[in-house]
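> For reference, the sequence and a predicted model appear below.
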Amino acid sequence: MSNLIGPGSTIGILGAGQLGRMLASVARRMGYRIAVFGGDDSSPTGQLSDLSWPGNYDDADALAEFARAADVVTYEFENIPAPAAARIAEITPLCPGAALLTAAQNRFKEKTALTSIGLPVAPFRMVHSGDELAAARAEFGDCILKANTDGYDGKGQWSVSDETDVVALWEETGIPEAVVEKKVSFDFELSAIGGRYRDGQKAFYAPFLNHHENHILDVTISAATQVTPELEKRATEMAAAVLDHFEVIGVLCIELFLTTDGQLIVNEIAPRPHNSGHLTIEAYNCSQFELQLRTICNLPSVNLERTAPASAMANLLGQHLPSEWTTDAFSCVGTQPNLHLYGKAGAKTNRKMGHLTITADSPDEAERSVRKTRDQLTA
Ligand code: AMP
């Protein structure tokens with residue numbers, strides 16, 4: 001195979017959080033070296049890296065040094081300034097490329113791109129003032145105001161109803177522009193994760209069912225009965241359309257709602273592996289992180305197959321952790337669920353500290369068991 005980036009090469013990762021850590025873990029297992037930009041040796045990714053640049057994204061020299069150290073560069077979060085991405089891409093291949101990155105960091109651009117390829121999204125419009133927000137509410141009814149850039153896990157989001165003083169809310173947000181979306185009624189949320197290789201070949205996991213708490217992913221279920229073969233087909237086709245449209249080399253996730261009237265609509269794109277795909281580490285023959293590595297390094301494609309009938313993942317936020325890791329805490333986890341901790345020092349409320357995954361014969365059993373174990377950690 002031509003253009004193979006083989007073991008011994010260095011994978012550059014922009015961003016130093018848990019997604020980078022799990023990619024680094026797979027890459028190390030397969031004999032690669034890791035360079036990380038955006039966190040020091042104590043960061044979740046830095047702890048597993050050979051080289052690290054705590055760096056800031058305005059430092060063109062540090063970015064160039066990092067890019068020269070890597071054979072291919074990918075990213076583990078989307079808020080990388082465009083000039084920094086461009087600086088790197090001048091020196092070393094950046095996968096996925098700038099087109100997807102730019103769209104994914106700007107909600108308006110993202111929704112416009114999705115619409116342009118025929119994928120349904122909740123009705124939306126851009127607003128720049130309290131008056132424009134009032135007009136959007138008059139059009140949509142209950143809606144959600146979302147910062148156009150830099151939002152994640154429900155941060156930079158405000159619910160708007162009849163009772164909201166929209167002018168006061170607009171002032172309180174202090175942002176120059178935002179996207180307003182109609183609040184949709186949905187039966188459940190799901191995510192479709194897939195990868196695309198350099199030759200255009202694609203691979204997908206069967207979509208996952210996701211439960212959120214306070215806008216943060218809480219529990220993900222694989223092989224959920226609600227995700228019918230018909231839904232799987234539609235969601236996968238939508239993910240494929242996004243992968244092809246942006247000519248992605250790498251992995252992405254689309255987050256979807258199944259509305260109460262049976263429509264499948266895209267909420268947003270994550271241009272990288274996704275929290276809902278963590279269970280692929282135990283539940284598939286190739287994890288989303290290995291798929292990321294395979295696609296960006298031009299390794300041979302693999303057919304993605306479940307290695308267990310069902311599985312579930314529960315996030316461990318700061319509040320889910322025992323105050324200290326005693327023998328008892330470890331005993332209640334056992335070896336199934338599989339415990340992942342991200343090496344973060346401060347266990348703050350709502351901070352993603354780790355996750356648990358369990359594989360089982362049925363999705364209900366997996367979900368029950370993973371929730372029960374998580375509860376036991378703080379019981
Ligand atoms: P987001 O940051 O866009 O992923 O939104 C976080 C969560 O807020 C989603 O997972 C949904 O649970 C909820 N949400 C976002 N947009 C909408 C919408 N248009 N209608 C209803 N719920 C939404």
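Looks like it came in fine.
> Would you mind listing what in the stretch 251-379 of the chain touches the ligand?
E255, N267, E268 (C-beta under 6 Å from any ligand atom). C-beta here means a position set from N, CA and C on the backbone, and glycine is covered the same way.
> ok, now with 8 Å
With the criterion set to C-beta under 8 Å from any ligand atom, the stretch 251-379 of the chain comes near the ligand through E255, F257, N267, E268.
> Go through the helix ranked longest in the chain and flag the buried ones.
Assignment by DSSP state H gives helix 229-245 as the longest helix of the chain. Across helix 229-245, burial judged by 16 or more other C-beta atoms under 10 Å covers L231, E232, R234, A235, T236, M238, A239, A240, A241, V242, L243, H245.
> What is the subsequent helix or strand relative to it?
Remark: after helix 229-245, the chain's next helix or strand is strand 250-259, criterion DSSP states H and E.
> State the distance from G118 to Y32.
38 Å (C-beta to C-beta, to the nearest Å).
> just L190 next, same as before
For L190, the distance to Y32 - C-beta to C-beta - is 32 Å.
> For these two, indicate the residue with more neighbours.
L190 (27 against 22; other C-beta atoms under 10 Å).
> would that one count as being in a helix?
No: secondary structure of L190 (DSSP: H, G, I helix; E, B strand; the rest coil): strand, not part of a helix.
> leaving aside the residues next to it on the chain, what's closest to N3?
N298 (5.1 Å; C-beta to C-beta, 6 or more residues apart in numbering).
> give me the number of residues near the one you found?
Count around N298 with other C-beta under 10 Å applied: 19.
> Quick check: closest non-adjacent residue to the spatially most central residue of the chain.
By C-alpha atoms, centre = their mean, the chain has its centre lying nearest to H274, at 2.8 Å. Nearest non-adjacent residue to H274, counting by C-beta to C-beta, 6+ apart: C253, 3.5 Å away.
> per-residue pLDDT, V333?
For V333, the pLDDT comes out at 87.
> ok, the residue in the stretch 1-150 of the chain positioned nearest to the ligand - contacts?
Residue nearest to the ligand within the stretch 1-150 of the chain: A122 (4.2 Å; C-beta to the nearest ligand atom). By C-beta atoms under 8 Å, 6 or more residues apart in numbering, A122 lies in contact with E181, K182, K183, V184, F257, I265, N267.
> Point out where the stretch 1-150 of the chain drops to low pLDDT.
Low-confidence segments of the stretch 1-150 of the chain (pLDDT under 70): 1-2.
> where does it come near the ligand, residue by residue?
Going by C-beta under 8 Å from any ligand atom, the residues of the stretch 1-150 of the chain near the ligand are R107, A122, C143, I144, K146.
> and with 6 Å instead?
A122, I144.
> The stretch 1-150 of the chain: helices as residue ranges?
Secondary structure of the stretch 1-150 of the chain (DSSP state H, counting those that start in this stretch): helices at 18-29, 60-69, 82-91, 98-104, 107-116, 130-140.
> so which of those helices comes closest to K348?
helix 18-29 (14.5 Å; C-beta to C-beta).
> Which elements pack onto the closest one?
strand 10-14, strand 33-37, helix 288-297 (3 or more C-beta pairs under 8 Å, 6 or more residues apart in numbering; DSSP states H and E).
> Pull up the pairing partners for the second one, direction included.
Applying DSSP bridges, strand 33-37 is found paired with strand 10-14 (parallel), strand 51-53 (parallel).
> now what about the longest one, what contacts it?
In this structure, residues lying in contact with strand 10-14 by C-beta under 8 Å, 6+ apart are 20, 23-24, 27, 32-38, 45, 49-51, 66-67, 69-77, 80, 84-85, 88, 92, 293, 296-297.
> tell me which residues of that strand are tucked away?
T10, I11, G12, I13, L14.
> biggest separation within those residues, which pair?
Among the buried residues of strand 10-14, T10 and L14 lie farthest apart (C-beta to C-beta), at 13.5 Å.
> my guess is C332 contacts R374, does it?
No: in this structure, C332 is not within contact of R374 by C-beta atoms under 8 Å, at 9.6 Å.
> Those two: who's more crowded?
The residue with more neighbours, out of C332 and R374, is R374; 23 against 16, by other C-beta under 10 Å.
> For that one, give me its contacts.
R374 neighbours (C-beta under 8 Å, 6+ apart): A314, L316, H320, L356.
> among the contacts of A122, who's most crowded?
E181 (22 neighbours).
> coming back round to it: thought I193 was touching the residue nearest to the centre of the chain, still the case?
Yes: H274 lies in contact with I193 (C-beta under 8 Å); the separation is 5.8 Å.
> what's the overlap in contacts for the two?
In contact with both H274 and I193: C253, Q288, using C-beta under 8 Å, 6+ apart.
> Once you drop chain neighbours, what's closest to L356?
P337 (4.0 Å).
> and H340, which of the three is it?
H340 ends up strand, using three-state DSSP.
> And it, how close does it get to Q292?
Taken as C-beta to C-beta, the span from H340 to Q292 is 17 Å.
> ok so, going back, on the strand side of things, show who the residue nearest to H274 bridges to.
I193, A270.
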